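**Q** Compute the structure for the input listed below.
(one chain, ligands or ions: 1)
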Amino acid sequence: MQAWVIGNWKQNPATNHDAMALADALLSATAKEFDKKTCQLMVAPSCIHLATVSARLQDSSLLCAAQDISTHSASIGAYTGDCSAEQIADAGATWTLLGHSERRQYHKECNDILVQKMRNALTQDLGIVFCVGETQAQYDAKQTLDVLTEQLAVIPTLLQQAEQTADCADILAKRLIIAYEPVWAIGTGKVPTVAEVSATHEYIKQTVASFAAPLADINVLYGGSVNAANADNFAASPMINGALVGGAALNAESFLTIADAFARAKA
Ligand code: 13P
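**A** As a prediction, this is how the structure comes out:
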């Protein structure tokens, strides 16, 4: 089964020069030794670097994603500061992250907004890496599964709003990945146990499968302080289909060590 290892570059690096250097470092390593059948690699540069990075990666096995898209229009319009799904696709991305906890926290993204963003992404055939996860307080209060249930509710809403629910489910089956990222594990060096992540992923898979039959085999990635040293542990779990990597994705060597851990475990 193919794993997915995705680098979320967030608001990094500072210059286009450094973004291209990171893309080139990934390209030179993957050209030699990487087998995308066992592990699909993807990077999500910041919006300003998306077009140059995706052009550089165009003929490679690496995919390019945006970190977000506009809620307000899938195409063009008077939405200062936004980038639409159409513009993102034109810049060469084939996927977008949506619902990252930093978007939820700093941009107050709620389910209504995220349903609209998903609809916009699908109009441009963009794949969606939908991020979910609980805060430290919610984890401590043992509310993780309740939080995930509430966050995943965007999926049945999207299906209900679709003109053809069955067609929408078939499309989502091909274009939706869930990334479980406990907020307290992001950038902190703290990680849940593999057993905890596996149980949570099992819950996510069952919940998503209950929405529509085609969603029975959805991929669920883990994100939050994944690094070259702990990737083997996560990769060993059959419930963990890959990783969404932040800090460690900014260094080609550590990102590819993580990818290699998943490629070996899932081969
Ligand atoms: P870190 O890997 O830096 O913890 O970030 C995870 C993340 O937020 C990826 O989207």
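**Q** What are the boundaries of the strands in the stretch 1-150 of the chain?
**A** Along the stretch 1-150 of the chain, the segments classed as strands by DSSP state E, counting those that start in this stretch run 3-8, 39-44, 63-66, 95-98, 127-132.
**Q** Mind pulling up the pLDDT for the residue nearest to residue 139 when sequence neighbours are not counted?
**A** Leaving out its chain neighbours, the residue that sits closest to residue 139 by Cβ to Cβ, 6 or more residues apart in numbering is residue 184, at 5.9 Å. The way it works is simple: take the backbone N, C-alpha and C, and place the C-beta from them, glycine included. Residue 184 carries a pLDDT score of 98 in this model.
**Q** rewinding a little: got a markdown table for the strands of the stretch 1-150 of the chain, with mean pLDDT, mean neighbour count and distance to the ligand too?
**A** Formatted as a markdown table, the strands of the stretch 1-150 of the chain follow (pLDDT from 0 to 100; neighbours: other Cβ atoms under 10 Å; distance: least, Cβ to the nearest ligand atom, whole Å):
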| stretch | mean pLDDT | mean neighbour count | distance to the ligand |
| --- | --- | --- | --- |
| strand 3-8 | 97 | 26 | 4 |
| strand 39-44 | 96 | 25 | 8 |
| strand 63-66 | 98 | 24 | 11 |
| strand 95-98 | 98 | 24 | 7 |
| strand 127-132 | 98 | 24 | 7 |
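**Q** one step back: for the residue nearest to residue 139, list the residues it contacts.
**A** Counting by Cβ atoms under 8 Å, 6 or more residues apart in numbering, residue 184 touches 134-136, 139, 190, 224.
**Q** Could you look up the SS state of it?
**A** Three-state assignment for residue 184 (DSSP: H, G, I helix; E, B strand; the rest coil): helix.
**Q** try residue 191
**A** coil.
**Q** What number of neighbouring residues does it come out with?
**A** Neighbourhood size, residue 191 [other Cβ atoms under 10 Å]: 19.
**Q** Okay then, goodbye and thanks.
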